[in-house]
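Have a look; sequence and predicted model below, questions after that.
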Amino acid sequence: MSSEIIALASDHGGFVLKTSLTEELKRLGYMVLDLGTHSGDSVDYPDFGYRIAAALAEGKATLGVAVCGSGIGISMAANRYPWVRAALCHDVTSARLSREHNDANVIAFGERLIGTEVAREALRVFLATPFAGNRHVARVEKLGAPPRTPSIS
């Protein structure tokens, strides 16, 4: 049994897939922090992306899983915070590369865009893939510290 805690959050558009991924994480022996939503009733995806960010900031989870209808909105919301590196993944390859090259700490899925079994497999790969480090370290550090005012030069 892993002592690692994985936070999950979704809006109504991702509720069914979040439920399935919660079951998969428990089957794999992870502890789960379910941040909602808890039904298919309409809610706002930014609120749940922010909950994932808070769980990571407060040390209540080491990684996160975010789901909405497309995965786009909830990943954008979570990525508003410099300590979050949420990657919207559609397959095993994007899940592996998000960890290996980008040290992603949140995987995002779109329930309307990915099948349940593909999402489960991508989640397993995400969890099993270590960050490669080396040349990627400086790039990942830049993600957490963007310039106050970007420049085109």
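That came through fine.

Next one: Thr37 from Gly144, what distance?
Using Cβ to Cβ, to the nearest Å, Thr37 is found at 28 Å from Gly144. For every residue, glycine as well, the C-beta is placed using N, CA and C.

likewise Glu24?
For Glu24, the distance to Gly144 equals 29 Å [Cβ to Cβ].

So those two - more neighbours on which side?
Between Glu24 and Gly144, counted using other Cβ atoms under 10 Å, Glu24 has the larger neighbour count: 20 against 12.

I figured that one was touching Leu123, is that so?
Yes: if you go by Cβ atoms under 8 Å, Glu24 and Leu123 touch, sitting 6.2 Å apart.

what stretches of this protein score poorly on pLDDT?
Across the chain, the ranges flagged by pLDDT under 70 are 1-2.

Could you pull out the helices in the chain for me?
Along the chain, the segments classed as helices by DSSP state H run 15-27, 45-57, 72-78, 92-100, 116-128, 136-143.

CA atoms only for the last one - export them in CSV, please.
Backbone C-alpha positions of helix 136-143 (Å, rounded to 0.1, in the frame of the first residue of the first chain) are rendered in CSV as follows:
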residue,chain,number,x,y,z
HIS,A,136,14.8,19.5,-18.1
VAL,A,137,15.4,20.9,-14.6
ALA,A,138,16.1,24.5,-15.7
ARG,A,139,13.1,24.5,-18.0
VAL,A,140,10.8,23.2,-15.3
GLU,A,141,12.1,25.8,-12.9
LYS,A,142,11.2,28.5,-15.4
LEU,A,143,7.6,27.3,-15.3
